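**Student:** The following comprises the amino acid sequence and a computationally predicted model.
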Amino acid sequence: MARTVTRARQRKPGGKNAHKGWVGRWFSARMLWRWAGALALIAMVGGAWSWWTMRHWMPPRTTYGVQGVEIGQGDGDIDWTAVKAIGADFAYVDASASAFARDPNVVHNLDGARAAGLQVGAVHRYDPCQPADKQAANFVTVVPRDAKMLPPAVALDDVADNCPVKVSDAAVVSELMTFINQIETHTGKPAILKIGSAFEARYHVARGLDRNLWVEGDRFAPDVGRPWAIWTANHALANNAGDAPLRWVVVQQ
């Protein structure tokens with residue numbers, strides 16, 4: 001009996017089917033690159049939009065009726081009339097830091113803000129490496145005794161790890177309380193603690209010290225375990241008041 005042998009049809013390299021497979025792979029790769037490019041473009045546009053909106057964002061007045069700015073040496077010459085026109089009700093001005101440093105523009109900024117109709121307050125940048133008495137003497141030399149000024153603010157950013165002489169955590173908190181008591185005696189008002197994340201993680205002053213808190217966090221206020229009084233809601237607000245972006249601050253009412 002004759003046997004019928006069926007042979008598989010052999011495909012020649014470069015034949016019709018091979019050509020279709022190569023074309024399919026080329027189209028697939030091209031579509032993949034198109035999708036990747038589209039996603040990258042969407043990400044770029046989204047990032048640019050987020051950056052632009054953050055640069056121009058302020059918390060709503062319906063929630064935070066009192067808003068203002070923090071101004072320091074790095075902000076350059078400020079047009080205080082423009083700051084008022086933006087919607088600022090007050091200005092905290094960087095005044096002193098550590099035992100000897102002072103902002104050379106502090107008097108100019110305080111006078112300019114007052115002339116524009118803003119309430120004013122002063123900020124001291126605390127140095128855990130320096131004695132409280134020297135830092136308080138620096139502050140009271142710069143900041144006048146004026147009952148119309150806002151409560152003094154103490155910026156707490158640096159920890160004591162790099163001090164020339166070792167300072168224990170307990171000593172940092174103790175010296176801080178001494179400093180606070182001395183500037184409160186000078187100003188006649190309880191201080192506000194402007195707490196940085198590193199300082200708070202190390203020394204836990206938010207709950208340990210019974211003072212109003214000033215927190216920082218662009219668009220979202222951080223949770224510090226208890227209510228805060230002031231919030232730096234935007235560190236880089238676009239404006240026409242100076243050369244640098246403004247630090248925009250709001251008050252919890």
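**Tutor:** Happy to help now that I have it. Numbering: from 1, shown residues only.

**Student:** Low-confidence regions, the stretch 51-200 of the chain specifically.
**Tutor:** Counting by pLDDT under 70, the stretch 51-200 of the chain has low-confidence residues at 51-54.

**Student:** And the helices in it?
**Tutor:** 80-86, 106-115, 132-142, 169-187, 197-203 (DSSP state H, counting those that start in this stretch).

**Student:** Same list, these, but as CSV with distance to Ala97 and mean neighbour count please.
**Tutor:** Quick note: C-beta positions are derived from backbone N, CA and C, even for glycine. CSV is the format used below for the helices of the stretch 51-200 of the chain (distance: least, CB to CB, whole Å; neighbours: other CB atoms under 10 Å):
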stretch, distance to Ala97, mean neighbour count
helix 80-86, 22, 17
helix 106-115, 11, 18
helix 132-142, 8, 19
helix 169-187, 12, 17
helix 197-203, 14, 17
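
**Student:** Tabulate those helices (JSON lines), appending distance to Tyr64.
**Tutor:** Listed next are these as JSON lines, based on distance: least, CB to CB, whole Å:
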{"stretch": "helix 80-86", "distance to Tyr64": "14"}
{"stretch": "helix 106-115", "distance to Tyr64": "19"}
{"stretch": "helix 132-142", "distance to Tyr64": "28"}
{"stretch": "helix 169-187", "distance to Tyr64": "25"}
{"stretch": "helix 197-203", "distance to Tyr64": "22"}
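
**Student:** Nearest to Leu209, out of those?
**Tutor:** helix 169-187 (7.1 Å; CB to CB).

**Student:** Identify the residues contacting Gly121.
**Tutor:** Applying CB atoms under 8 Å, 6 or more residues apart in numbering, one finds that Gly121 lies in contact with 90-93, 149-153.

**Student:** Mind doing that once more with 10 Å?
**Tutor:** If you count contacts by CB atoms under 10 Å, 6 or more residues apart in numbering, Gly121 has them with 68, 70, 90-93, 95, 110, 113, 143, 149-153, 187, 189, 192, 230.

**Student:** next one: Pro131
**Tutor:** Contact analysis of Pro131 by CB under 10 Å, 6+ apart lists 99, 137, 175, 178-179.

**Student:** If we use 7 Å, what do you get?
**Tutor:** When contacts are counted by CB atoms under 7 Å, 6 or more residues apart in numbering, Pro131 touches Glu175.

**Student:** go on, Arg55?
**Tutor:** 236-238.

**Student:** Let's see that with 6 Å instead.
**Tutor:** By CB atoms under 6 Å, 6 or more residues apart in numbering, Arg55 lies in contact with Ala238.

**Student:** what separates it from Gly208, distance-wise?
**Tutor:** According to CB to CB, to the nearest Å, Arg55 and Gly208 sit 36 Å apart.

**Student:** what does Asp94 give?
**Tutor:** 25 Å.

**Student:** same deal with Lys134?
**Tutor:** 23 Å.

**Student:** what about the closest residue to Trp231 other than its chain neighbours, helix or strand, and which?
**Tutor:** In this structure, Trp231 finds its nearest non-sequential neighbour in Ala221, 4.8 Å apart by CB to CB, 6 or more residues apart in numbering. Assigned by DSSP states H and E, Ala221 belongs to neither a helix nor a strand.

**Student:** likewise Ala236?
**Tutor:** Using DSSP H and E, Ala236 sits within strand 230-237.

**Student:** Can you tell me the strand partners of that strand and which way each runs?
**Tutor:** Sheet pairing for strand 230-237, assigned by DSSP bridges, gives strand 212-216 (parallel), strand 246-251 (antiparallel).

**Student:** distance between it and the chain's centre?
**Tutor:** In this view, strand 230-237 has its centroid 6 Å away from the chain centroid, taken as CA atoms, centre = their mean, to the nearest Å.

**Student:** Same check on stretch 158-173?
**Tutor:** On CA atoms, centre = their mean, the centre of stretch 158-173 falls 24 Å from the chain's centre.

**Student:** Before I go, just wanted to say thanks for your time.
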